[in-house]
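Novice: give me a 3D structure for the following:
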Amino acid sequence: MFKPKYPPSDTHNAITPSTSPAPVAPTHQAPSGLVQKAAANPTAAVVGVVAVGAVLVSTLLAVAITGIALSISGVVLLLLVRLLRQELNR
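Specialist: Got it, this is the predicted structure:
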């Protein structure tokens with residue numbers, strides 16, 4: 001019945017099959033006997049371990065603080081309930 005009219009997209013450029021670029025052949029290939037390995041960066045490893053340690057410590061600290069807060073509020077609520085029962089029994 002009613003069909004919406006959408007404005008043309010300014011972020012997507014469709015590539016038609018006739019204008020698609022041809023695949024580019026690699027210009028240099030390593031010999032099959034040589035395997036290139038990425039060099040391990042010890043600084044990045046230390047930074048990663050420190051970051052993971054900081055996240056774990058902060059998570060454990062948050063859990064500990066929450067546990068302490070809940071235990072204190074539980075004791076306070078227990079004392080309030082006992083005081084109210086004593087007042088009602090008089």
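Novice: so what's the residue most central in space within the chain up against?
Specialist: Taking C-alpha atoms, centre = their mean, the centroid of the chain lies closest to V55, which sits 11.5 Å from it. Contact analysis of V55 by C-beta atoms under 8 Å, 6 or more residues apart in numbering lists nothing. Placement of C-beta: from N, CA and C, glycine included.
Novice: what confidence value was assigned to it?
Specialist: At V55, the predicted lDDT confidence score is 96.
Novice: if I look at it, how far off is E87?
Specialist: V55 is 48 Å from E87, where distance means C-beta to C-beta, to the nearest Å.
Novice: over to V46?
Specialist: V46 is 61 Å from E87, by C-beta to C-beta.
Novice: likewise A51?
Specialist: When A51 is compared with E87 (using C-beta to C-beta), they lie 54 Å apart.
Novice: and for V50?
Specialist: Relative to E87, and taking C-beta to C-beta, V50 is found at 55 Å.
Novice: list the buried residues for stretch 41-49?
Specialist: Within stretch 41-49, not a single residue qualifies as buried, counting by 16 or more other C-beta atoms under 10 Å.
Novice: helix, strand, or coil at K3?
Specialist: Here K3 is coil, with the state taken from DSSP: H, G, I helix; E, B strand; the rest coil.
Novice: how about it, phi and psi?
Specialist: phi -110, psi 130 (degrees, to the nearest 10).
Novice: report pLDDT for it.
Specialist: pLDDT at K3 comes out at 87.
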